[in-house]
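Peer 1: predicted model follows, preceded by the sequence.
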Amino acid sequence: MNILRTNQNSIWSRRAGYHVLTYAEEGFAPLNIHTRDSNLSKEQLVEFAARVNERNEPGSLHPIAAVSAVPRALVRDLHDPDLLCRNIIDFLRANATTIRATKLIFDFRTPNVARYVVTAVHEALASEAAAIVEEAVVLDDAAP
């Protein structure tokens, strides 16, 4: 599997071929950026983010939009790489059985990507749950 760490500008023009995993926060956040071209209303995004955060487990907008999310607290508050990794693996398992995306974008910018997030993503992608993933992109505006 090819894992690339790059900035948003370098992937933006070809993002249509990818499924995005981000965190459930509505507003000026990656969830809004990656659903901008969909027909989802602000109310639907608010409801989706609230549902993911209340259930405290990953959720997906598939097939309406190629975007899924982990609970906000995993990226904004807890800073626990093991817990984030387990949630990413839960997403990867759902992806393997339902979404079937072979190209993924991980967008956990807040606005920067913390080291524990990169660790969690790499550990999850090394698991058996990532078997169908051919390419993974970690968005980080500090990357070239």
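Peer 2: The structure has been received and is ready for your questions.
Peer 1: so what's the most centrally placed residue in the chain up against?
Peer 2: The centroid of the chain falls nearest to L21 when counting by CA atoms, centre = their mean (1.4 Å). L21 sits next to 58, 67-70, 88, 91, 104-107 when contact means CB atoms under 8 Å, 6 or more residues apart in numbering. (Each C-beta comes from the backbone N, C-alpha and C, glycine too.)
Peer 1: three-state assignment of it?
Peer 2: strand (DSSP: H, G, I helix; E, B strand; the rest coil).
Peer 1: mind listing the residues bridging to it?
Peer 2: S68, F106 (DSSP bridges).
Peer 1: I figured S127 hits I89, correct?
Peer 2: Yes: contact status for S127 versus I89: in contact at 5.4 Å, counting by CB atoms under 8 Å.
Peer 1: and these two? Which one has more around it.
Peer 2: I89 (19 against 14; other CB atoms under 10 Å).
Peer 1: check contacts around the more buried one.
Peer 2: Per CB under 8 Å, 6+ apart, neighbours of I89: 124, 127, 129.
Peer 1: recalculate using a threshold of 10 Å.
Peer 2: Counting by CB atoms under 10 Å, 6 or more residues apart in numbering, I89 touches 58, 120, 123-125, 127-130.
Peer 1: ok, H62 next?
Peer 2: Counting by CB under 10 Å, 6+ apart, H62 has contacts 19, 68, 94-95, 98-101.
Peer 1: ok, V52 - contacts?
Peer 2: Contact analysis of V52 by CB under 10 Å, 6+ apart lists 23-25, 31, 58-60, 68-72.
Peer 1: ok, now V46?
Peer 2: 26-27, 31.
Peer 1: beyond the helix or strand harbouring it, next helix or strand please.
Peer 2: Using DSSP states H and E, V46 sits within helix 42-55. Moving toward the C-terminus from helix 42-55, the next helix or strand (DSSP H and E) is strand 59-60.
Peer 1: what's that following strand packed up against?
Peer 2: Judged by 3 or more CB pairs under 10 Å, 6 or more residues apart in numbering; DSSP states H and E, the packing partners of strand 59-60 are helix 42-55, strand 67-70, helix 81-94.
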